[in-house]
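Novice: Below are the sequence and a predicted model; questions follow.
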Amino acid sequence: CQTGEVAADPQLYDQSYLSPVTIGNSELMLDFDTGSADLWCFSTESPAVQSAGHGLYNPSTGTELDGAFWDITYGDQSAASGNVFADKVVVGGVTATKQAIEAATSVSYEFTEDVASDGLLGLAFSSINTILPQPQTTFFDTVRNTLAKAVFTVDLKKGAAGSYTFGYIDSSKYSGAITYVPVNTANGFWQFTADGYSGGGNNASTGRGGVAIADTGTSLLYLPASVAKGYYSGVQGASFDFRQGGYTLPCSATPPDFNVAIGGKTFTVPGSYINYAPLRAGSSTCFGGIQADSGIGFSIFGDVFLKAVYAIFDDSGSSPKLGFAAQ
Ligand SMILES: CCNC(=O)c1c(-c2ccccc2)csc1NC(=O)CNCCc1c[nH]c2ccccc12
């Protein structure tokens, strides 16, 4: 019965969080991503111009999955593709003896320029793994039956190291009760329904909830356009900036707290989390941590929300469920 814990180290402005993973005989820093289901990394097969500065997986320790290839494009149009090997993966002491490793032979510039990250470790459902002709399992699915309990937990923090645990819930990481909600796996995400929102100007149109996913791989909190608009209507100097493609606000502003009702419980995102980051180094205008989910089709509870709670991704019962608790 395996259990394990691994640190989640924040990158600049908490844009992403990286965790150490041993693959074959290399240790790489991967971005654990509950919004996708591919474990991919830069490799000795990646073009040097794309992989400069990154840790590389050397497939010589693995076994090639003949004829298997992968190709992923994320909603922000970043992308990566390559071939597949089976190798040993260890995360915080939890070992998968034969895990599908997606070695990159091509990556887009977003990943090339993010030199701290050596790849992603997907924790969404294996149904959206992109390997063809036969999709493979995520790390969590591969080790699930060997875990003390088929769960993993997410404890991200603002500007500080958090952690992921596998196989157990750490009662020292939260206060009060855990509120569980059912998960709809139809789209391969940890998808749930939020009851409603409040906080900010005109109280962010409370009442109207909606479909949302819990996504550690997305930095911000994407909400229905009416909720985002309502929230910023109460923030002096905030506006929707078409050129930036989102809401901006003065970096000097302290925006109001934002409340989310889930499973009948209210969780609060401190206003300081919503003054996200300067548009560019030295700018006095900041990008908002809440943005509109227009065109996405559902809301995304990314890191801006997840670092305000302790989140339990539970696949131990007859159907998956999500738990949230105050930190
Ligand atoms: C902004 C990243 N998020 C998305 O594109 C996304 C969308 C999505 C769909 C349409 C438009 C905008 C977003 C739906 S679920 C979802 N979530 C994911 O795709 C989770 N994986 C993100 C991995 C990822 C994409 N670009 C990066 C840059 C740095 C580190 C990680 C990443």
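Specialist: Nice, thanks for sending it over.

Novice: what about the stretch 201-327 of the chain, any weak spots by pLDDT?
Specialist: 204-207 (pLDDT under 70).

Novice: Using the three-state scheme, assign the residue in the stretch 51-200 of the chain that the ligand sits nearest to.
Specialist: Residue of the stretch 51-200 of the chain nearest the ligand, by CB to the nearest ligand atom: residue 75 (2.1 Å). All C-beta atoms are positioned from the backbone trio N, CA, C, and that covers glycine. What DSSP: H, G, I helix; E, B strand; the rest coil gives for residue 75 is coil.

Novice: Hmm, residue 4 is touching residue 163, no?
Specialist: No - using CB atoms under 8 Å, residue 4 makes no contact with residue 163, being 10.2 Å away.

Novice: what sits against the residue sitting nearest the centre point of the chain?
Specialist: Nearest to the mean C-alpha position of the chain, by CA atoms, centre = their mean, lies residue 216 at 1.5 Å. Contacts for residue 216 (CB atoms under 8 Å, 6 or more residues apart in numbering) come out as 17, 32-35, 123, 154, 156, 302-303, 306.

Novice: ok, and the closest non-adjacent residue to the residue in the stretch 101-250 of the chain that the ligand sits nearest to?
Specialist: Here the residue of the stretch 101-250 of the chain nearest the ligand is residue 217; by CB to the nearest ligand atom that distance is 3.1 Å. Excluding the flanking residues, the one nearest residue 217 by CB to CB, 6 or more residues apart in numbering is residue 33, at 3.2 Å.

Novice: can you tell me which residues contact that neighbour?
Specialist: Applying CB under 8 Å, 6+ apart, we find residue 33 in contact with 120-124, 215-217.

Novice: Filter the residues you listed down to the ones in helices?
Specialist: Mapping the contacts of residue 33 onto helices (DSSP state H) picks out no residues; all lie outside.

Novice: Farthest pair within the residues you listed?
Specialist: Maximum pairwise distance in the contacts of residue 33, criterion CB to CB, is 13.7 Å, between 121 and 215.

Novice: what about these two, which has more around it?
Specialist: residue 121 (29 against 26; other CB atoms under 10 Å).

Novice: For that one, list each beta-bridge partner.
Specialist: For residue 121, the beta-bridge partners under DSSP bridges are residue 32, residue 39.

Novice: contacting residues for it?
Specialist: By CB under 8 Å, 6+ apart, the residues touching residue 121 are 19, 21, 30-33, 39, 91, 138-139.

Novice: let's see 10 Å
Specialist: Listed by CB atoms under 10 Å, 6 or more residues apart in numbering, the contact set of residue 121 reads 6, 19, 21, 23, 28, 30-34, 36-41, 89, 91, 99, 138-140, 164, 216-217.

Novice: and what of residue 300?
Specialist: Contacts of residue 300 by CB under 10 Å, 6+ apart are 35, 75, 189, 212-215, 217-223, 291, 293.

Novice: immediately after the strand or helix carrying it, which helix or strand?
Specialist: Per DSSP states H and E, residue 300 falls inside strand 299-301. Downstream of strand 299-301, the next assigned helix or strand under DSSP H and E is helix 303-306.
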